[in-house]
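Asker: sharing a model prediction with you, sequence too.
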Amino acid sequence: MYEEMYNGLRKAVLESGDDLSKEIVNRFDKIAEKYKEEPQQKTEKKVSVSELARANRIVK
């Protein structure tokens, strides 16, 4: 489910033509490759509202 959402979002961002957005997607791709190589572990991390707001400002 998450992979489908990510792929749809990734496709939309890459088609937008915005250089910053493309750079962000490329960095996420590198991170995703790193986690594919490592064994999968189920972990949960609580994220604060301020961290989410900061990430949202970076993406915009």
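Answerer: Arrived safely, thanks for sending.

Asker: find the residue at the geometric middle of this structure.
Answerer: Centroid-nearest residue in the chain, with Cα atoms, centre = their mean: residue 28, separated by 4.7 Å.

Asker: could I get the full set of helices for this protein?
Answerer: Counting by DSSP state H, the chain has helices at residues 2-16, 19-37, 49-59.

Asker: in the longest one, what's buried?
Answerer: When neighbours are counted by 16 or more other Cβ atoms under 10 Å, the buried residues of helix 19-37 are found to be 21, 25. Using the backbone N, CA and C atoms, a C-beta is placed for each residue, glycine as well.

Asker: give me the angle between that helix and helix 49-59.
Answerer: Helix 19-37 and helix 49-59 are oriented at 120 degrees to each other (axes from the mean of the first three to the mean of the last three Cα atoms, to 10 degrees).

Asker: now do the contacts for the residue nearest to residue 59 when sequence neighbours are not counted.
Answerer: Excluding its sequence neighbours, the residue lying closest to residue 59 (Cβ to Cβ, 6 or more residues apart in numbering) is residue 24, at 6.5 Å. Neighbouring residues of residue 24 by Cβ atoms under 8 Å, 6 or more residues apart in numbering: 13, 58-59.

Asker: can you list the low-confidence ranges for the protein?
Answerer: For the chain, the stretches flagged by pLDDT under 70 are 1, 37-43, 60.

Asker: buried among the contacts of residue 24? Make that a PyMOL selection.
Answerer: Restricted to buried positions by 16+ other Cβ under 10 Å, the PyMOL selection for these reads:
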select buried, resi 13
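
Asker: any chance of the contacts of residue 24 in CSV, plus distance to residue 20?
Answerer: Shown next, in CSV, are the contacts of residue 24 (distance: Cβ to Cβ, whole Å):
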residue, distance to residue 20
13, 10
58, 9
59, 9
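
Asker: which one of the contacts of residue 24 is nearest to residue 36?
Answerer: residue 13 (20.0 Å; Cβ to Cβ).

Asker: tell me how far stretch 49-59 lies from the chain's centre.
Answerer: 13 Å (Cα atoms, centre = their mean, to the nearest Å).
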